[in-house]
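**Q** please find the sequence and the predicted model below.
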Amino acid sequence: MRYEAASAADYRAKGLPWNWPNFTPEEMASHKGKGPLVIETEFMDRLQKLRLMYGRPMIINSAYRTPEYNDQVSGSGRTGAHTERAVDVRVYGTHAFELVAIAIGLGFTGIGFSQAPKTPHAQRFVHLDDIPAKHPHNPRPMIWSY
Ligand SMILES: [Zn+2]
């Protein structure tokens, strides 16, 4: 299922389902939580399963982005994974590797690793998405670094 709302507040006002207790509509919404929200329930179920298996808080830096917003903040332009089903989780060190190992087992197919040694810990993250392969030059699953 796919649910759409003009904002996290609108999502709540509409009474749309929220079955992912470790996440909030605000942290999944575009424009750093202040913009529109598109929820793919299959992706959110996978994310919640990951959170339970990981067993620690997962700080979401960025999740859904409108095509316009994604074009502003990412080289992936108007069609990047964040316009469909993706999150960036603020995590570093061994926890980042644990998170990735569990994510692969759960069927996340796009894993971006931003863990450069000189980057402050607070700026390191892991990107996770489960979009299908769309192009022969973009096989899935895949792991990349930034
Ligand atoms: Zn990302």
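**A** Okay, I see it.
**Q** quick one: is the one helix or strand Ile60 maps to near the ion?
**A** Per DSSP states H and E, Ile60 falls inside strand 59-62. No: Strand 59-62 stays clear of the ion (CB under 5 Å from the ion), getting no nearer than 6.3 Å. Just so you know, the C-beta spots here come from the backbone N, C-alpha and C atoms, and that holds for glycine as well.
**Q** what strands line up against that strand, and which way round?
**A** strand 86-90 (antiparallel) (DSSP bridges).
**Q** identify the residues contacting the partner strand?
**A** Here strand 86-90 makes contact (CB atoms under 8 Å, 6 or more residues apart in numbering) with 28, 47, 58-63, 80, 99, 110, 112, 114, 122, 124-129, 131.
**Q** again, only this time at 7 Å
**A** Residues outside strand 86-90 that contact it (CB atoms under 7 Å, 6 or more residues apart in numbering): 47, 58-63, 99, 122, 125-129.
**Q** then stretch 67-82?
**A** Under CB under 7 Å, 6+ apart, the answer for stretch 67-82 is 30-31, 35, 62, 64-65, 83, 110, 129, 131.
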